[in-house]
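Trainee: quick one: sequence and predicted model below, then my questions.
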Amino acid sequence: MKELMQSLREASIKAINESDSPESIEALRVKYLGKKGELTAILRQMGKLSPEERPVMGQLANQLRSEIEQAIDLRKTILSKVLLEKQLESEAVDVTLPGTAQPVGHKHPMYNVLDQIKDIFVGMGFEIVDGPEVELADYNFTKLNIDEGHPSRDWTDTFYFTEDGRILLRTQTSPMQVHAMETRSLPIRMIAPGRVYRKDEVDATHSPMFHQIEGMVIDKGVTMADLKATLNLVVEKIYGKGTVTRFRPHHFPFTEPSCEMDIQCHKCGGKGCPTCKGEGWIEVLGAGMVHPKVLAGCGIDPDVYSGWAFGMGLERLAMGEYKITDLRLIFENDVRFLEQF
Amino acid sequence: MKLSRKWLNEFVDLPLDQYDDRTFAEAMTISGSKVEVTEDLSASIKNVKVGKILKLEKHPNSDHMLVAQIDVGLDEPVQICTGAWNVHEGDLVPAALHNSLLPSGVKITRGKLRGVPSEGMLCSLKELNVTTHDFPYAVIKPAALLNDYHAIDPAKPSVSADIKAGDKIFGKVVAARIKAVANAGVNLWDTVLDIGEADVEGVFDVQNLHVGDLVAYDTVKNKICTLEDLHAKQEEFPHCIEDGILILHEDCRPGDDMRTLLGLDDHVVEFEITPNRPDCLCMIGLAREAAVTFDKELRLHEPVVKATAGGDINELTKIFIEDPLCVRYTGRMVRNVRIAPSPAWMRERIRNAGMRPINNIVDITNYVMLEYGQPMHAFDFSCVKGGEIHVRCAREGETIQTLDGTERKLTPSMLCICDTEKPVGVAGVMGGANSEIVGDTAMVLFESANFNGTSIRRTATALGMRTDASSRYEKGLDPQNTYKAVQRACELIELLGAGEVVEGVIDVCPNELKQTTVKLEPAKVNALLGTDIDEQTMRDILIKLGFTLDGDTICVPSWRADVEHYSDIAEEVARFYGYNEIPTTFTGGITTAGGYTPLQQLERKIGECCRSMGLDEIITYSFISPTYYDKIRMPADSPLRDSLRILNPLGEDTSIMRTTILPSMLEILTRNYNFRNKEAALYEIGRIYLKRPDGMADEPKIVSLGGYGEKMDFFTLKGWVEKLLKELGAGKARFVAEKSNPSYHPGRCAKLFVGDTEIGVLGQIHPLVAANYGVDAAFYCAELSFDALNTVKGELPVYKPLPRFPSVTRDIAVVCRADIPVGELMDCIMARGGRYLKDCALFDVYMGTHIAAGMKSVAFSLTMRSDEQTLTVEHAEETVAKVLKALSDKYNAVMR
C-alpha cells in the first residue's frame, strides 16, 4: 500500500505539473482526489490493514492528499499567471497611435491676457467696471481736460454720431475715470477694460477698433510713488519677477505729472535688439497722477484726495506676449489661429 | 524733430566724444525729451576724398572715357577712369577710393576699365545723395560736341562725318575746334577756338570742353551751342548730358574727407516731442532741455541788426490784423536783396535737420524756424499790392496758388495774409506763388507772426498740406518769440550779405500777452510725488528751465504755455529730480474688497462652459455695413434697421453700429469656411447697440454661438444651448418652433424660453442667407440674451440626498400623428406619469414601413423610482399604464 501511494504521488505530481489549462487541472483533481479518484480507491483498501497499520497509513494518505492539493494550487497559480500574461499580450495596443480627439475650446488670446490682468488687479482689491462705448464728447474729452481744439477731437480721428460732435464712439477707456469718479463712492480702486475706436485704416499695427485697459486709484494721500510701486508689481506679474522698469516723463491732458512706463527688453537685456528696435526698452503703458482739474471737475476736492491712473493697449500686449506679428490676425478669427492659444 | 549734435554744441557743450549718442539719448529720454533714433551720418559714406585732377588723357581703348591722374593727398597720385566729360585738369572732385562706401550702399573697389587700371570712381551729386540745392553751383550745362554726334538715321546725318573747323553748320553757326581751355572762374572757361580762317577767344560757360573737341560756334551770338541751340535730340549727342562729376568749389584740399564737406561729420538725433511742448521743436528749446539735463551752461545769443539801408519800414508799409486768430504780427524789411546760395555751413545745418536748402532768403527763414522754432515767411514786397499787409480770413470764392504750384480754394474759416486786393499767403501754412522770392527779388518783407494753433491746424487739414510751419503753429507757439526771430533773420541777412535791412520793426499785437504765475508749494509737490525734495532743489530746477521766482511766486516763461498749475510744477521738478528716483510705496488708505461682480462671474462662467464644449472664442467689430441687414434678410420694416450711424466712417463696411450680432458671426464662419477649415465652433459674448431716444445707445450683451462642419446639426447646436442652461442652473427650457425668422431655416429654428422669459433664438441659417454670404454649407447659430440668461440663472445648488433604492426602467413605443412635437409628448409623460416617474428619455423616432402614412412611432425609456422602498412590478406597471392613457387621451397615441 505504501508503494501504491508512492507511485500515485509520483504520477499525480508529474501529471499536475505538466497540465496546461485550468480544465485539465480540474480533471486531474477529480482523477486523483475525487470520490471515485485513485486516492479514494487506495483508502478503500484500508479496511484490509491491521489496526496498528491503519493510523500510520491514514496519516500517510492524508499527507499525500495534502501534497496533491498543494501541487494543484501551485499549478493553478502558475497557470493563471501565464494565462493573464497571454491575455495581456494579446490586448497590447500601439501606444504611438493618436489619442481620441477631445473637443476643447480656446479663449481668444487677447482675452487670455486680459483675464490675467483682471486677476492681478482683483487680487489687489480693485474692481472691474464697464461703461458705454457710445459716449458723450463731454466724457471722452471735455471732462478729461482735452480742449475744444485738440487734434484728437478732429473728425479725421474720432468717429461721430451727431453733426454737433456731441455723441461719439469713445476713443479711449479714460472716460471710465470720469464715470467712476462721478458715480462711485471713495476710495476708488478700479480697472475698466473695453473696446475703443479711432479712425485708423486697418494694417499690421492699426485697427479702427481695439482694446484698452484703464486703471485708477483715488484716495487720500495717493502719490506718484504709489503709482510706481503698483505698476511695477503688475508688470512683474505679467512679465516675470525681476523685470526691470523705467518711468519716463510724457504728456496726457488728464494726468499731471504724466509718464510712460518701459520694461527692459527681455530679449537683449537692454543692449538693444530688433525686438526693442535697438532701444533696449519696450513701452508698456502710459500713466500719471489724475489732473487736479479732472478731480475737481468730477466733484472731488483735489486738496483732500489725489489719485493715479494708467491706460494700456491690450492688442499690443497680447501681440508681444504671443509674438503675434500682425494685428489683423486678432480680428480675423481664423480657427487655425485661435486654436494655438 | 531732428537735432544736429554739431549745431547743438553752439548752445551747450556736449561734444560727441564725451557724450556718445546712447548716453545723450538715454538722458534726454529720461528727462522727458523722448529720442526715437540716433543716426551717425558719417556711417553712410566712407573713404571718399577730395581729389585734384593733375592730368587728364583720353582712354586708349574707349572713345568716351577719360583717364585721370588724381592727387588725393597721398605721396603718389592715383589713376581713375571716368566717363564724365565735365572734368578738367586742375578740378577738385570727390573721389571714391578703393574700398569706399557710397550712401546708396554701393561699395567701390579698384578694378580695370577696358584694360586700364582704375583705383576708384569719381562721384556725381546723385552718387553722394545730394542735389543742386546742396551744391547750387553744380548745375551742369554741356555743349553739343560734334565729335560725339551719332546720326539718328545713318543715311541722312545732319552733321557730316568729315566735318572740320570752319565748315558751316547752318546760318552763322560754324564748326570750331578747341585749341586751348583754361578755367576762368566757377563754371567759366577761357577758350581758344579754331573756326577755320581764324582763331576766336572767349569765355564760355559750358563745362565739357577739352582741347581737340569739335563744337558748333554761333559767330553772331559768340556762343558755343548746346543741344537746345542746335534743336538736337539727346540721342544724337549721347555723352553731352546735364550730368557729370561734382566739381567742388569749396574751401578744401586734396585728401580732405568728403564727409566734412557734405556736413556728414555729424550725428542726428530724432526726438518725439509731445504736443504740449512746441517749444522743443527747435534748437534752442532742445538745447535748454539738454543744458538742464546735463547741468551745463546754456549759451543764447541776442541778435544784433545794423540796419544800414536807410529809411524806415513805416514809410514803406502798413500791417493790419483784422482777425483775432492772428495774435501777433511782426514784420521787417530788407532792400537790395541779392539772391544767392547760402553758405555751406547754413546749407549743411538745414540739410541735417531734414530740410532742403533753396537760396539765401528762403534758407534764412528755415534756419530761423529751426533755431528759434518760429516759422517765418519772406514776401517779394514788389508783389504786395498797395504795399500793405492785411491779416484776415479768406472771402467766399477767393483762391490762391501756393508755393507748391497748386491752386487752392479758400474758405472763410481760413486765415490769410493779404495785400489790399488778394491773399498772398495762407497764414501759418504756405506762402503764395504770387509773392514768391525769385531771382530778381529786390525787396523782401519778413513775416514773423503768431496765429491761433487750432485754426492753422484746421486750415492745413482742409487744404491737405501739413507743412513744417503749420505743424509747429498747430501746437500753439510762444507769441513772445516773433520779435526775436525777425531780428535773427535780419542779422543773418547782414551776415550773409544778402541785402540791406531797413530801419524799424512793425510789431502788431492787439491784445496784451498774459503772464502766467503759479505759487511754489513744495509741500504739495512732495505730497503728489511721494518724495521729500527740498525747496532749494525745486527752485534750482525751475530757474535753470527759465522760470523766474519772486518770493513764492513762479513766473512761467512765455514759451511754457503748458505750465499753469502746481501739478505742472511737480512734473518739472520730477523730470529733473528723476522719475526713477521717486521711491516706490504701496497705497495706504482704506482697503477695498475688489473682486468680480455677479454679472462678471456669469460672463466668465458662460465662457468656460462654451470652451468646455469645444467652442473657440472670437472678437468681432462692433460696426458693420448697412447692407448686412439685407444679407441676413432682415425685414425692411424691422426696427433693428434703425442703427446708430457713424457720420464719418472709414468706409461703408464699418459705418453703422450693429443691432444684431448675427452678421458678425456669419462673417467669421464664412471666412473660416473660405479658408477651407473643415469645421468651426465659435462663440462671442459681444454687445449690440440699440439707439435710445437721447441719441446714445443701450449696449446689451449677446451670447453668440455658431458652427459648421461634419458634426454640426440642429441638435448639436441645441445641445450646446441646453448644456449652457444646465451649467447656469436655469430652470426648464422650452424650445418653440420658429418659422418666421427670415435669417433662419423655417423648419430648423427655435425660440428659446425659460419660464416666461425669452432667451433667444437658435437654428440653421436660412440657405438664402448662406447664399448671400457665398456659402453652400449649413451654418448653425444661436443668439442668446446675456441679460435674460442672468435672470433665469439658478441660485446656489442645494444638496439633494442620493437615491437609496434602485430604479426600474421600462421602454414604451407609441404611434401618433407625425406632426405632434416630441417635446409635447415628453411634457405630457412627465406631467402625468405620477410620483414614481423620475425621467423620460427619447430613444427612437421612426416613420416608414409598418407605420401608417402621416403617423410616426416614438419610443421612450421611462425611469421610475421610489425614495421610500424598492419599487415593485405593480408600481412600474401602474406608472406605464398612466403614461399610455395620458398619451392616448391627449394625442390619440397608441401603444405599438
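Mentor: Done, it's in. Numbering: from 1, shown residues only, chains lettered A, B, ... in the order given.

Trainee: mind showing which ranges of the stretch 401-550 of chain B have poor pLDDT?
Mentor: Low-confidence segments of the stretch 401-550 of chain B (pLDDT under 70): none present.

Trainee: spell out which parts of it neighbour chain A.
Mentor: Within the stretch 401-550 of chain B, the positions lying close to chain A (C-beta under 8 Å from any C-beta of the partner chain) are B:Gly453, B:Thr454, B:Arg457, B:Thr461, B:Glu474, B:Ala527, B:Leu528, B:Leu529, B:Gly530, B:Thr531. In this view, the C-beta of every residue, glycine as well, is placed from N, C-alpha and C.

Trainee: excluding its backbone neighbours, what's nearest A:Arg65?
Mentor: Distances taken as C-beta to C-beta, 6 or more residues apart in numbering or on different chains place A:Leu39 nearest to A:Arg65, at 6.0 Å, with adjacent residues excluded.

Trainee: the one you found against A:Leu8, yeah?
Mentor: Yes - using C-beta atoms under 8 Å, A:Leu39 is in contact with A:Leu8, at 6.5 Å.

Trainee: how about the CA coordinates for the one helix or strand in chain A whose mean pLDDT sits lowest, as PDB?
Mentor: Counting by mean pLDDT, DSSP states H and E, chain A has its least confident helix or strand at helix A:38-44, which shows a mean of 82. Output of helix A:38-44 as PDB, limited to C-alpha atoms (Å, rounded to 0.1, in the frame of the first residue of the first chain):
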ATOM      1  CA  GLU A  38      -7.400   7.000  -7.200                       C
ATOM      2  CA  LEU A  39      -6.500   8.100  -3.700                       C
ATOM      3  CA  THR A  40     -10.000   7.200  -2.600                       C
ATOM      4  CA  ALA A  41      -9.600   3.900  -4.200                       C
ATOM      5  CA  ILE A  42      -6.400   3.300  -2.200                       C
ATOM      6  CA  LEU A  43      -8.100   4.400   1.000                       C
ATOM      7  CA  ARG A  44     -10.900   1.900   0.500                       C
END
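
Trainee: can you name every helix or strand that whatever helix or strand comes next after that helix contacts?
Mentor: Helices and strands here follow DSSP states H and E; after helix A:38-44, the next one along the chain is helix A:53-90. Helix A:53-90 is packed against helix A:2-18, helix A:22-33, helix A:38-44, with contacts defined by 3 or more C-beta pairs under 8 Å, 6 or more residues apart in numbering or on different chains; DSSP states H and E.

Trainee: give me the contacts around the last one.
Mentor: To tie it back to what came earlier, the one meant is helix A:38-44. Residues outside helix A:38-44 that contact it (C-beta atoms under 8 Å, 6 or more residues apart in numbering or on different chains) are A:1, A:4-5, A:8, A:12, A:31-34, A:61, A:64-65, A:68.

Trainee: pLDDT score assigned to residue 216?
Mentor: Just so you know, I chose chain A. At A:Met216, the pLDDT value in this model is 96.

Trainee: wait, chain B
Mentor: Confidence at B:Ala216, expressed as pLDDT, is 92.

Trainee: ok, what's across the strand from it?
Mentor: Counting by DSSP bridges, B:Ala216 forms beta bridges with B:Ala175.

Trainee: residue 227 - nearest residue in space that isn't next to it in sequence?
Mentor: Because you didn't say which chain, this covers chain A. Nearest residue to A:Leu227, sequence neighbours excluded (C-beta to C-beta, 6+ apart): A:Trp308, at 3.9 Å.

Trainee: my bad, chain B
Mentor: Residue nearest to B:Leu227 in three dimensions, not counting chain neighbours: B:Ala144, with 5.0 Å by C-beta to C-beta, 6+ apart.

Trainee: burial count for the one you found?
Mentor: Residues near B:Ala144, counting by other C-beta atoms under 10 Å in any protein chain shown, number 23.

Trainee: could you do the one 5 residues further on as well?
Mentor: Close neighbours of B:Tyr149, defined as other C-beta under 10 Å, add up to 21.

Trainee: test my guess that it contacts B:Glu235.
Mentor: No - taking contacts as C-beta under 8 Å, B:Tyr149 lies outside contact range of B:Glu235: 10.7 Å.

Trainee: which among the contacts of helix A:38-44 end up buried?
Mentor: The neighbour count (16 or more other C-beta atoms under 10 Å in any protein chain shown) marks A:Met5, A:Leu8, A:Ser12, A:Tyr32, A:Leu33, A:Ala61, A:Leu64, A:Arg65, A:Ile68 as buried among these.

Trainee: so what's the third one up against?
Mentor: Applying C-beta under 8 Å, 6+ apart, one finds that A:Ser12 lies in contact with A:Leu28, A:Tyr32, A:Glu38, A:Ile68, A:Ala71.

Trainee: the second one and A:Met5 touch, don't they?
Mentor: No - shown here, A:Tyr32 and A:Met5 do not form a contact pair, counting by C-beta under 8 Å, at 11.4 Å.

Trainee: can you list the residues of the stretch 651-800 of chain B near chain A?
Mentor: B:654, B:657, B:668, B:671-672, B:675, B:677, B:680-683, B:687, B:689, B:695-697, B:699.

Trainee: look up how far A:Gln340 lies from B:Thr592.
Mentor: In this view, B:Thr592 and A:Gln340 are 37 Å apart by C-beta to C-beta, to the nearest Å.
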